[in-house]
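# sequence first, predicted coordinates after that:
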Amino acid sequence: MIRRCRDRVVNPYMVHNAKAHAKAKPGDPLHPSSLSAGFAKARGMAKVKGTDAAPPSFHELRSLAERLYADQGIDTQTLLGHKDPRMTSTYHDSRGAEWLEVKC
């Protein structure tokens, strides 16, 4: 997958602008809002539906992935590319969405 993210634009970002667009130059990192908007567009084209009124956002899926990888003992701070562990802990917070097991 990493190989597929690489193109002819030399830069330190795995996900980046491949062409000039508005103020962005080739190789610049994607702006978070354009990443989210692009994800929402792709999700809509794939006809993915959520369990409630709103389908999952890019960051909700990224947060779920972080928690699943962390449960496997994987260094998610490095995986997510965070310099500050506080950012990784933000993704690790399930915000009350975890399952509760009820014993009968």
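Structure's in. What do you need?
# contacting residues for residue 80?
By Cβ atoms under 8 Å, 6 or more residues apart in numbering, the contact list for residue 80 reads 62, 66, 87-88, 91. Yep, even glycine has a C-beta here, placed from its N, CA and C like the rest.
# next: residue 57.
Contacts of residue 57 by Cβ under 8 Å, 6+ apart are 36, 39-40.
# quick check: it vs residue 41, distance?
As for residue 57, its distance to residue 41 is 12 Å (criterion: Cβ to Cβ, to the nearest Å).
# list only buried entries from the contacts of residue 57.
residue 39 (16 or more other Cβ atoms under 10 Å).
# and the contacts of residue 80, which of them are buried?
Using 16+ other Cβ under 10 Å, the buried ones in those are 66, 88, 91.
# state the pLDDT value of the closest residue to the second one other than its chain neighbours.
So the one you mean is residue 88. Spatial nearest neighbour of residue 88, chain neighbours left out: residue 77 (4.3 Å); criterion: Cβ to Cβ, 6 or more residues apart in numbering. Looking at residue 77, its pLDDT stands at 92.
# helix or strand: which one has residue 77?
Applying DSSP states H and E as the criterion places residue 77 in helix 76-80.
# do you have the helices of this protein handy? List them.
Ranges of helices in the chain, per DSSP state H, are 2-5, 32-45, 58-71, 76-80, 85-92.
# for residue 12, find the nearest of these.
Proximity to residue 12 (Cβ to Cβ) singles out helix 2-5 among the helices of the chain, at 12.0 Å.
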